[in-house]
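Visitor: What follows is a predicted protein model with its sequence.
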Amino acid sequence: MKKKFLLYSTMCAALAMTSCQDFLDTMPDNRAEVDSADKITALLVSAYPQSTHIVMTEMSSDNAMDNGSRYDVEDQAQEEAYLWEDITSVGNDSPQNYWDACYAAVAAANQALQAINDMGNPASLSAQRGEALMCRAYGHFALADMFCLPYNPETASTDLGLPYSMAPETQVAPHYERGTMEELYQKINDDIEEALPLISDDLYSVPKYHFNRKAAYAFAARFNLYYKKFEKVIEYANVVLGNTPTSVLRDWNAINNSPANVDTRANMYIDADEAANLLLFPVISSWGYWGGNYYLGERYGHANAIFNNETARAAGLWGAYSNLIMSRAVVGMDTKNYIPKMGIFFEFTDKVNGIGYRRTVTVAFSTDETLLCRAEAYALQNDLSNATADINAWLYTHTLNQTQCTQEEIVDFYENIDYMPTSVTDDSQRTIKKRINPQGFTVTEGAQENIIQCILHLRRLETLYEGLRWQDIKRYGIEIAHNREGMADDILTVDDPRRAIQLPADVIDAGLEPNPRN
C-alpha cells in the first residue's frame, strides 16, 4: 500500500519542470507544480498503466496448457498464474507491478483533477478533466478485473472491492479498507458518466494513445456489460460502431494479404491508423516473447490441443477453419501457436551488456470487441435478431467467404455441439462449447443460450493473446481444468475463490485484506 500511494510523487516529478532550485523553495513533497493547461495535458500521458495483465490472465484461462517439464519457464509469474497459485514474482508481469502501474496511473489522474480544481475548473480544461476522470475509472476497473470476483448484483454488497483513490495522497501510510464491489462499481460508473460528455478528440495529437471519444465509449460499453446494464452497452456501442459496423471493423484481409512476416503483421495489428484500434497501450512486458513465436516460456502455452479443437483451428459457422482469416496468419510452434497481434520492442538501457526492457503495444479497446459487447447485450435482453446481425457483421469481416447465417442456423450449429467436459482424458473430447453458470444474470436454455455460446466463441477468438477470456470465464462461471504433468488436473470450480487473483504480498503486509482462499 505504501508503494501504491507514494508512486504518484515520483511519477509527477518525471515532468521535470524544475531547475536548480534551492531546497527550501521546492514543494514539500517533491511534486512538480501543475499550474497550466499544457502541464496538465502532459501529466495525463502518465495516467495510463505502463504494465499489462495479459500474462496473468492468459495463463489463468483455458487458453493455456502444461506442455511438460522438458520446456522452460522464464519467470515464475507465468507458472504461478497457470497453477492458480498466489503469485510471488515481482517482475514486470507480476501482480505487484500491475498494481503499482494502475495506481500510479490513477495518481496521475488525481493530480490532474486537483490541478484543474485549483484553477477553478474552467471550461477550457473540460477535455482534460474528462480524460482524467476516464483514466481514474479505467485504472480501478482494470484492478477490479484482476483482483476481484466478477460484479454480481446478488452479492456485490458483500463481495470485496478495492480502495477507490479520489485525491492525491498527502500521508505516508494512510489506512484504507477494501469496501465492496457495489461501492467500487458505483464510483467507476460515476466517473465514466461525468467524463463521457467532456471527452474531446481535439485535445490529442495522437488520439489512439489517449481516451479519445470512441475509446471512451468503448470502455463505457465494456464496463456496463460487466455491470449488467445492457441498455447502456447498446447505447454506448452505437456511438463507437455507427450505422455500418463492417466499415470500422478490422481489415483482416489486408493482414492476410500482407507479406507472411510476423513483425509486419503484428505492426499492422497495432497500427494507430487502423480504424478498428481505439486505444493502444505501450507497456513493459515479456508477453510478446512468452506468447509469441520464440523459444521462451514454452512450458505453458496455447498448444495444439487447444488451438486445433477449441479456438482458431476448430471448425465453426464458417465451415473449415481455413475460412477464418486469423487462422491463416498463425506462426509459432506446437507448444504455443500465435496470431501476430503485438510486436516486441527492446529498449536498451545498456547496449554493451544487453540490458534493457522488453516492451510491446497492446490494443486495449477495439471496434471488433465492442461489437461483441453489443451482441452479448442484445442476446441477454433476448433480442436475438439484433444479436444475430452483430454476429454476422463479425463473420463478414473475419471470414474469407464472408459467412452470413440466419438465427436458426446459429442456434442449430451450437445446439448440435457437445459440451466439452471440464477435465478431458483425450483431446477428441475438446469442443468450442462449455457449460455456463452466469454470475448474477440468467440465460435461458435453447435459442438464447446457443446465441450466447456463439458470442462467447467469437469473443474467445477475438481476444486471443489479449487476456479478456479470463473475464468471460469469471462472468459466466465457466468451470475449467488445467493439466499438470504427473498430477491430476486442477479444476477451477464455479465458486473457487482463486477466480480473484491474490493481492500483492506487500499490499497485504501493509494491512489490506487479502482475497480469501480455501
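Guide: Looks like it arrived, so ask away.
Visitor: is it true that G242 touches V248?
Guide: Yes. Counting by CB atoms under 8 Å, G242 does reach V248; the two are 6.5 Å apart. Just so you know, the C-beta spots here come from the backbone N, C-alpha and C atoms, and that holds for glycine as well.
Visitor: Export only the CA atoms of stretch 66-83, formatted as CSV.
Guide: What follows is stretch 66-83, C-alpha atoms only, in CSV (Å, rounded to 0.1, in the frame of the first residue of the first chain):
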residue,chain,number,x,y,z
ASP,A,66,1.0,-27.5,-19.5
ASN,A,67,3.4,-28.8,-22.2
GLY,A,68,5.7,-30.6,-19.7
SER,A,69,8.9,-30.1,-17.8
ARG,A,70,11.1,-30.5,-20.9
TYR,A,71,10.1,-26.9,-21.7
ASP,A,72,11.3,-23.8,-19.9
VAL,A,73,9.6,-21.3,-17.6
GLU,A,74,11.4,-18.0,-17.8
ASP,A,75,9.6,-16.3,-14.9
GLN,A,76,7.7,-17.8,-12.1
ALA,A,77,4.8,-15.4,-12.6
GLN,A,78,3.9,-17.4,-15.7
GLU,A,79,3.9,-20.7,-13.9
GLU,A,80,2.2,-19.5,-10.7
ALA,A,81,-0.6,-17.9,-12.7
TYR,A,82,-1.1,-21.1,-14.7
LEU,A,83,-1.2,-23.1,-11.4
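Visitor: ok so, going back, G242 and V248: which has the busier surroundings?
Guide: More crowded of G242 and V248, by other CB atoms under 10 Å: V248, with 21 against 11.
Visitor: Contact partners for that one?
Guide: V240, L241, G242, A275, A276, T367 (CB atoms under 8 Å, 6 or more residues apart in numbering).
Visitor: Weed out the non-buried ones from these.
Guide: By neighbour count, with 16 or more other CB atoms under 10 Å, the contacts of V248 hold V240, L241, A276, T367 as buried.
Visitor: tally of neighbours for Y357?
Guide: Neighbours of Y357 using other CB under 10 Å come to 14.
Visitor: Among the contacts of V248, which pair sits farthest apart?
Guide: Pairwise distances across the contacts of V248 (CB to CB) peak at 12.8 Å, for the pair G242 and A276.
Visitor: follow-up on the earlier one: taking the contacts of V248 one by one, which sit in helices?
Guide: Among these, the residues falling in helices (DSSP state H) are V240, L241, T367.
Visitor: Next, format those as a markdown table and append distance to I410.
Guide: Below are the ones in helices among the contacts of V248 laid out as a markdown table (distance: CB to CB, whole Å):
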| residue | distance to I410 |
| --- | --- |
| V240 | 23 |
| L241 | 20 |
| T367 | 21 |
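Visitor: Looking at those residues, spot the one nearest I192.
Guide: Distances from I192 to the ones in helices among the contacts of V248, taken by CB to CB, are shortest for V240, at 14.2 Å.
Visitor: show me where the stretch 151-300 of the chain has helices.
Guide: Secondary structure of the stretch 151-300 of the chain (DSSP state H, counting those that start in this stretch): helices at 181-195, 213-227, 230-241, 252-257, 262-269, 287-290.
Visitor: residue ranges with poor pLDDT in this protein?
Guide: By pLDDT under 70, the weakly predicted segments of the chain are 1-32, 170-174.
Visitor: Need the three-state assignment for H482.
Guide: strand (DSSP: H, G, I helix; E, B strand; the rest coil).
Visitor: where's L149 relative to K208, distance?
Guide: The gap separating L149 from K208 is 32 Å, by CB to CB, to the nearest Å.
Visitor: same check, this time on I473
Guide: 29 Å.
Visitor: Looking at these two, which is more packed in?
Guide: I473 (24 against 20).
Visitor: for the helix or strand containing the more buried one, the distance to its chain's centre please.
Guide: Following DSSP states H and E, one finds I473 within helix 469-475. Between the centre of helix 469-475 and the centre of its host chain there is 11 Å, according to CA atoms, centre = their mean, to the nearest Å.
Visitor: The residue nearest to L125 when sequence neighbours are not counted is in what secondary structure piece?
Guide: Spatial nearest neighbour of L125, excluding adjacent residues (CB to CB, 6 or more residues apart in numbering): I116 at 5.0 Å. Counting by DSSP H and E, the element that carries I116 is helix 95-118.
Visitor: Report the inter-axis angle for the helix or strand that comes right after that helix versus helix 213-227.
Guide: Remark: after helix 95-118, the chain's next helix or strand is helix 126-147, criterion DSSP H and E. Between helix 126-147 and helix 213-227, the angle comes out at 40 degrees (axes from the mean of the first three to the mean of the last three CA atoms, to 10 degrees).
Visitor: that's a helix at R498, yeah?
Guide: Yes. Counting by three-state DSSP, one finds R498 located in a helix.
Visitor: Quick check: it touching H482?
Guide: No. Contact criterion CB under 8 Å: R498 and H482 do not qualify, at 10.8 Å.
Visitor: shared neighbours of the two, anything?
Guide: W84, L492.
Visitor: any idea how far stretch 304-321 is from the chain center?
Guide: With CA atoms, centre = their mean, you get 23 Å for stretch 304-321.
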